[in-house]
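1. Provided below for reference: sequence and predicted model.
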Amino acid sequence: MQNVYLKSGLCALIILLFTFNLSAVEFHLKLAGGLSHMNLESVNKSILDWVAWQKKNAEENSKWAFLGGKTTELHQSFDFEGEFLISLNSLLSLGISAGFIYGEITNQDTQLTIERFGNQNLYTFPNKVNAFPIILSGYLTFPIISWLKFYVKGGAGIVWAKYFNSEGRKLIKEGTNFVYPTSQKASSRGSIYRGSLGVLFHTESGIDFFIEGSLRRSKITGFQGENKENITGKLYTYEEYDAIIDIWQTKINIHAIKPTGDSIRSVEETEIDISGFSFKTGIIIKF
């Protein structure tokens, strides 16, 4: 379905080009970078539940003690984009862009300290989400004064996404390194829709500057990948019950078949929701 949308957009672009005066057409390269916020509801639920499980597990063991730590939800990301623009006239422009959205929480962002039998250990739960969108967009530009313009744009496209998580631990002792009993990585693709508002600062040098704010919607499912045990399959989100300490924990794991059982509930294919907003700045170069 995504290929159909992309081909339809390219056909519409070609038709529009032939309906305008080609001598008035201008070409530009737009380069942007900034910060982005992603929803990632299921990912952050698994992070919070992992913390809750670690705390309760330490509390329920008489020779263990939870000593504290910090955890960060995964929302903030970096957003980079390059876009080829075709200005059909002073009002209307078309663009095709390729971008990279990168969000990660590292070992340092999810460190919990637990004492086990007199030895202090660090536990971590790093997570990472990458997205690679290709978007066809239309621009409407409105001049304010000679050197300042306001624009709105909207577009849709395809996004490829990758997800990674792992659980790490190490003894707090000089010379020790983290070991990772579990880890997995999976990828998929989906659709992305975006709307933006921007302000353009014109210069006589042929290089203009802009500031842009965007909203996007993209919920991606159908992830498949492989875990550390070399098991390949689909990425599932579910709750698992630990009867020993009486707690339900949200998990995101790869399984060859859909997980079932009395201790499993709310099973569904993982949805990675990269919907959110971004603020970017950059330059536009005229050819």
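-> The structure has been received and is ready for your questions. Residues are numbered from 1 along each chain as shown.

2. Show me which helix runs longest in the chain.
-> helix 41-60 (DSSP state H).

3. which parts of that one are buried?
-> Using 16 or more other Cβ atoms under 10 Å as the burial criterion, the residues of helix 41-60 that qualify are 42-47, 49-51, 53-58. No exception for glycine: its C-beta is placed from N, CA and C like everyone else's.

4. gap between the helix or strand following it and the chain center?
-> Once the chain leaves helix 41-60, the next helix or strand it forms, by DSSP states H and E, is strand 64-69. Centroid separation between strand 64-69 and its chain, computed with Cα atoms, centre = their mean, to the nearest Å, is 31 Å.

5. Paired strands for the following helix or strand past strand 64-69, with orientation please.
-> Sequence order places strand 76-87 as the next helix or strand after strand 64-69, per DSSP H and E. Next to strand 76-87 in the sheet, as set by DSSP bridges, lie strand 26-38 (antiparallel), strand 92-105 (antiparallel).

6. And the contacts of stretch 98-110?
-> Residues outside stretch 98-110 that contact it (Cβ atoms under 8 Å, 6 or more residues apart in numbering): 36, 38, 40, 47, 51, 70-83, 122, 124-135, 168, 178, 274.

7. and if we set it to 6 Å?
-> Identification of contacts with stretch 98-110 by Cβ atoms under 6 Å, 6 or more residues apart in numbering yields 36, 38, 71-72, 74, 77-82, 124-134, 168.

8. Leaving out sequence neighbours, find the closest residue to residue 57.
-> Distances taken as Cβ to Cβ, 6 or more residues apart in numbering place residue 245 nearest to residue 57, at 5.6 Å, with adjacent residues excluded.

9. So the one you found sits against residue 59, correct?
-> No: in this structure, residue 245 is not within contact of residue 59 by Cβ atoms under 6 Å, at 8.1 Å.

10. can I have stretch 79-98 written out in PDB, keeping just the CAs?
-> Extracted in PDB, the C-alpha atoms of stretch 79-98 (Å, rounded to 0.1, in the frame of the first residue of the first chain):
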ATOM      1  CA  ASP A  79      15.600  14.700  13.800                       C
ATOM      2  CA  PHE A  80      17.600  15.300  10.600                       C
ATOM      3  CA  GLU A  81      16.300  15.800   7.100                       C
ATOM      4  CA  GLY A  82      17.400  16.600   3.500                       C
ATOM      5  CA  GLU A  83      14.800  17.700   1.000                       C
ATOM      6  CA  PHE A  84      14.800  18.400  -2.700                       C
ATOM      7  CA  LEU A  85      12.400  21.300  -3.500                       C
ATOM      8  CA  ILE A  86      10.800  22.400  -6.700                       C
ATOM      9  CA  SER A  87       9.300  25.900  -6.600                       C
ATOM     10  CA  LEU A  88       6.600  26.100  -9.200                       C
ATOM     11  CA  ASN A  89       5.900  29.800  -8.500                       C
ATOM     12  CA  SER A  90       6.200  32.200  -5.600                       C
ATOM     13  CA  LEU A  91       3.300  30.500  -3.800                       C
ATOM     14  CA  LEU A  92       3.500  26.800  -4.500                       C
ATOM     15  CA  SER A  93       6.400  24.300  -4.000                       C
ATOM     16  CA  LEU A  94       6.800  20.600  -4.000                       C
ATOM     17  CA  GLY A  95       9.300  18.500  -2.200                       C
ATOM     18  CA  ILE A  96      10.600  15.000  -1.600                       C
ATOM     19  CA  SER A  97      12.600  14.400   1.600                       C
ATOM     20  CA  ALA A  98      14.700  11.700   3.300                       C
END
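
11. No further queries at this time; thank you.
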